[in-house]
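Engineer: Test case, fold it:
(one chain, ligands or ions: 1)
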Amino acid sequence: MDDVFRRPQEPYTRELLAAVPRLDATHRPRPGSGEPVLKVRGLTRTFPVLRGTAFRRGVGTVYAVDGVDLDVRRGETLALVGESGSGKSATLFELLELARPEGGTAELFGQEPGSLGKAGIKALRRRIQIVFQDPMASLDPRMPVGDIVAEPLRTQGVGRADAGRRVRELLVQVGLDPAHAERYPHEFSGGQRQRIGIARALSVEPELLVLDEPVSALDVSVQAGVLDLLRRLKEELGPAYLFVSHDLSVVRNIADRVSVVYLGRTVEAGPVDEVSAAPRHPYTQALLSAVPIPDPERERKRTRILLAGDPPSPTRRYEGCRFRGRCPLYVELGEGERELCDGEVPVFEGDGVACHSPRVRVGVELPAGGGLVAQFLPQPSAGGAPSAPGRLLLPHVDTAPGV
Ligand code: SF4
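Structural biologist: Okay, here's the model as predicted:
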């Protein structure tokens, strides 16, 4: 099997391996400059937990977003990264409501949507568009593709003839045949449907394109084509991207900067090459160590950071750092530092890291070669009583170039 990966003979196998996104991608990030097109500070969003059938009653609260900070600058791609349930999609939908956020602030193009009237919101909607994860679910199966792509234009008052002309241009731009504008979504492949979704989002020339896991439902070779398309469109048209993904190898191939969220809160942000090569927050280190390498020999030698347990429940309020129950570093800290982790929520600022430990803040490397055994504190049980501490192998984080 190693030979297939190291010396693939068939052109198809070579193409397939070349399409796999890698952490050692040569993509050179180009962080944007100037005023952010999107500036978010301390965003929060909760949902009620309801019980009962005939009479629904609130029995709790889900803290889905609980302190997200984001800056997307003009012309750049910011990736929002985290595990499932970390609050990435809830953050997007809170922003896309274009209303006053439940908590914190959100500015789009220097304006707070909550302070705008109907006309202001309509103008803002043209400047921000979204591409969804599942292209089939996001396209109306009863509408021809031409009408789907034209819909945002028609909503903005563009006439039928002009919209038709623009649709043909857009289909060419995303690599589709304009003669297929009369076909229906089911007549296209998954990758083609995602291209239709991109054409639709670009129809009104947005300045910020929100991409919600746009390639995670696609095969690896199709995924590479869509990522290439997104890169080319950004070069040609210049919108900023907010790219949501759980896959750090995809992110390394397309983003300029990355922002990592854990349980609804930003824990680390920075240029994507720096964060990929030298992640500072223990959670980011664990995420990166879990990215597979398309080289079986190196993959076998690699050790992973296995975080204890699942993320804690978002229905509970936690004092201090909410990552401490899974943090491999916590047990290494002195008493004073642990007290901080237990009692104070670490603050996130700018391109930095939310952690009390000076070792993390200045980016001290974890021991090379692995083998350090660290204790971890298990998650508090439902009743809040901690169970016995466990142990965890804390390995070397193999994220250097060449991985
Ligand atoms: S604040 Fe403490 S518990 Fe949280 S990540 Fe940093 S070292 Fe770990």
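Engineer: Spell out which residues of the stretch 301-403 of the chain are next to the ligand.
Structural biologist: When proximity is defined as CB under 6 Å from any ligand atom, the stretch 301-403 of the chain approaches the ligand at 321, 323-324, 327, 329-330, 341, 346, 355-357, 360. No exception for glycine: its C-beta is placed from N, CA and C like everyone else's.
Engineer: Give the other helices and strands that the strand or helix carrying Val261 contacts.
Structural biologist: Here Val261 sits within strand 257-262, counting by DSSP states H and E. Secondary-structure packing of strand 257-262 (3 or more CB pairs under 8 Å, 6 or more residues apart in numbering; DSSP states H and E): strand 57-74, strand 77-81, strand 265-271, helix 272-277, helix 282-289.
Engineer: Not including adjacent chain positions, what is the nearest residue to Leu95?
Structural biologist: Using CB to CB, 6 or more residues apart in numbering and skipping the chain neighbours, the partner closest in space to Leu95 is Ala106 (5.8 Å).
Engineer: which residues touch the one you found?
Structural biologist: With contacts defined as CB atoms under 8 Å, 6 or more residues apart in numbering, the neighbours of Ala106 are 38-41, 43, 94-95, 112-113.
Engineer: which one's the longest helix in this structure?
Structural biologist: Using DSSP state H to define each element, the chain has its longest helix at helix 220-237.
Engineer: and it with strand 77-81, angle?
Structural biologist: Relative orientation of helix 220-237 and strand 77-81, computed by axes from the mean of the first three to the mean of the last three CA atoms, to 10 degrees: 140 degrees.
Engineer: Quick check: mean pLDDT of helix 220-237?
Structural biologist: What helix 220-237 shows for mean pLDDT is 92.
Engineer: The very next helix or strand once past that helix pairs with which strands, and in what direction?
Structural biologist: With elements assigned by DSSP H and E, the helix or strand that comes after helix 220-237 is strand 240-245. Paired with strand 240-245 in the same sheet, following DSSP bridges, are strand 77-81 (parallel), strand 208-212 (parallel).
Engineer: Relative to the whole chain's centre, how far out is strand 240-245?
Structural biologist: The chain centroid and the centroid of strand 240-245 are separated by 7 Å under CA atoms, centre = their mean, to the nearest Å.
Engineer: Outline the domain layout of the chain.
Structural biologist: For the chain, the domain assignment from automatic domain parsing gives the residue ranges 13-277, 282-394.
Engineer: still on that earlier bit, give me the three-state assignment for the residue nearest to Leu95.
Structural biologist: When classified by DSSP: H, G, I helix; E, B strand; the rest coil, Ala106 comes out as strand.
Engineer: Bridged to it, which residues?
Structural biologist: Counting by DSSP bridges, Ala106 forms beta bridges with Val40.
Engineer: Give me the pLDDT value at it.
Structural biologist: We have a pLDDT of 96 for Ala106.
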